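Student: Please find the sequence and the predicted model below.
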Amino acid sequence: GEDVEQSLFLSVREGDSSVINCTYTDSSSTYLYWYKQEPGAGLQLLTYIFSNMDMKQDQRLTVLLNKKDKHLSLRIADTQTGDSAIYFCALGGGSYIPTFGRGTSLIVHP
Amino acid sequence: DAGVTQSPTHLIKTRGQHVTLRCSPISGHKSVSWYQQVLGQGPQFIFQYYEKEERGRGNFPDRFSARQFPNYSSELNVNALLLGDSALYLCASSLKTPPGNTIYFGEGSWLTVV
């Protein structure tokens, strides 16, 4: 299977919370990142978490890390139409080559 | 401060041709990485350079090469282009070598091979 797995699509209503999930296989990952990519654009770093943390909150974004289950999630509170984009989970540390998931397309509808 | 800048932003090439893509890192960043992003996929690692030396190489054929200059800018070269090389090529920079340092991406160069 893939080293980093994400669901391909997530559809939410404006104002609801979005939760984007990521599972991974490399337990030696030191840094775990979330990137956002809007149509036709490059990747924008949203937030990251160190592997010795369980949670990190940054305004509307909350990252949760479950090392035992090798599961990373990104919660976006009060999702807006401007949050519509592709969200990538990426892992660094341990393996020298940073690894990205295939991305989750977040669709926000009124 | 300027972010990571890449050129050209879009280009069209014919099969068999050669292409050179350019990247200027964020000021003060000494590490540059290159990624290929095919439509519908996540970025795939191609090369990583730090202090003008290659520090990592992904699973790409020898048609792909890169170098880093004394000012830390970088070029990615692809020879004998194939249709499958059509993709968004992303450059990323960081202070030191990843993965211990956060990487910042440029807007990318869209390459279409016809």
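Tutor: Sure, I can see it. Numbers count the residues shown, from 1 in each chain, chains lettered A, B, ... in the order given.

Student: for the closest residue to chain B within chain A, which residues make a bridge with it?
Tutor: Going by Cβ to the nearest Cβ, chain B is nearest to A:G92 of chain A, at 2.6 Å. Placement of C-beta: from N, CA and C, glycine included. A:G92 forms beta bridges with A:Y31, as assigned by DSSP bridges.

Student: That one contacts A:P98, correct?
Tutor: Yes - applying Cβ atoms under 8 Å as the test, A:G92 and A:P98 come out as touching, 4.6 Å apart.

Student: ok, now how distant is the residue of chain A closest to chain B from B:F64?
Tutor: Noted for A:G92: a distance of 22 Å to B:F64, by Cβ to Cβ, to the nearest Å.

Student: Who has more neighbours out of the two?
Tutor: Applying other Cβ atoms under 10 Å in any protein chain shown to A:G92 and B:F64 shows that A:G92 carries more neighbours, namely 24 against 17.

Student: so what's the nearest residue to A:L72 once chain neighbours are set aside up against?
Tutor: Excluding the flanking residues, the one nearest A:L72 by Cβ to Cβ, 6 or more residues apart in numbering or on different chains is A:C22, at 4.4 Å. Counting by Cβ atoms under 8 Å, 6 or more residues apart in numbering or on different chains, A:C22 touches A:V4, A:E5, A:Q6, A:H71, A:L72, A:S73, A:L74, A:C89, A:G101.

Student: Of those, which pair is most distant in space?
Tutor: Spanning the widest gap among the contacts of A:C22 are A:E5 and A:L74, at 14.3 Å by Cβ to Cβ.

Student: between those two, which one's more packed in?
Tutor: More neighbours surround A:L74 than the other of A:E5 and A:L74, with 22 against 15 (other Cβ under 10 Å).

Student: In what element of secondary structure is that one found?
Tutor: strand A:71-76 (DSSP states H and E).

Student: Please, where are all the helices along the chain?
Tutor: With no chain named, the answer covers chain A. Assigned by DSSP state H, chain A shows no helices.

Student: Can you tell me which residues in it are near chain B?
Tutor: Taking Cβ under 8 Å from any Cβ of the partner chain as the contact definition, chain A meets chain B at A:4, A:29-31, A:33, A:35, A:41-45, A:48, A:88, A:90-103.
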